[in-house]
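1. coords below, sequence missing:
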């Protein structure tokens, strides 16, 4: 038995032509750009409808505005309590009829309000083969440990740090002479590919969570 992940929260309503995606970011937003560019392809079954950042200076906000996308800086400091901050985010998500949240370099742990409102509807990308090397500086952690293979992981978000059920992973070999920058760049190329692949599977209604496993349905 397992939980089949719905492609939309609008139960009982007609399916949308494309799934509506919100992207949360705190920095340059390279994964946001990759997802957005992939969303423009003819075969895409998702669209990016809103960008949210906890950092006013995030480059991704400016890039979103260049693309003509709604982009919002919502300051955690303005609200004090995390619950109040996330309730404000939820208001913005509902205004844009969001089906799925994608974290793309969003440097905050998602709290109970968002997890409850968007249960099994929040994805994250991490630059390591989870459960190895969660948290910050995953590429440096991998190099310091001396692994021969690293990579990236798309997973559902839960209350832990990079601990939710894994959807897709891609291995990337660690090459002789690699440093954090060179390894990060090669991993990033794969991040850009598998994140959109995970979105496509989600909106094809092909993901089923069974305990800690994510089953990809035919």
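-> Looks like it came in fine. These numbers come from a predicted model, not from an experiment.
2. show me what counts as buried in the helix ranked longest in the chain.
-> Looking across the chain with DSSP state H, the single longest helix is helix 180-203. Within helix 180-203, the residues scored as buried using 16 or more other Cβ atoms under 10 Å are 183-184, 186-188, 190-192, 194-196, 198-203. C-beta coordinates here come from the backbone N, C-alpha and C atoms, glycine included.
3. which helices and strands does that helix pack with?
-> Applying 3 or more Cβ pairs under 8 Å, 6 or more residues apart in numbering; DSSP states H and E, one finds that helix 180-203 makes contact with strand 19-25, helix 30-39, strand 46-53, strand 100-103, strand 122-126, helix 138-145, strand 149-156, strand 166-173.
4. quick one: mean pLDDT for stretch 140-148?
-> The average pLDDT for stretch 140-148 rounds to 98.
5. low-scoring stretches of this protein, by residue?
-> Low-confidence segments of the chain (pLDDT under 70): 1-4, 6-15.
6. Throw the helices and strands packed on helix 180-203 into CSV and include distance to residue 209 and mean neighbour count, thanks.
-> Listed next are the helices and strands packed on helix 180-203 as CSV, based on distance: least, Cβ to Cβ, whole Å; neighbours: other Cβ atoms under 10 Å:
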stretch, distance to residue 209, mean neighbour count
strand 19-25, 17, 25
helix 30-39, 22, 20
strand 46-53, 19, 23
strand 100-103, 14, 23
strand 122-126, 12, 24
helix 138-145, 24, 18
strand 149-156, 7, 23
strand 166-173, 9, 18
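7. to residue 216, which of the ones you listed lies closest?
-> strand 166-173 (7.9 Å; Cβ to Cβ).
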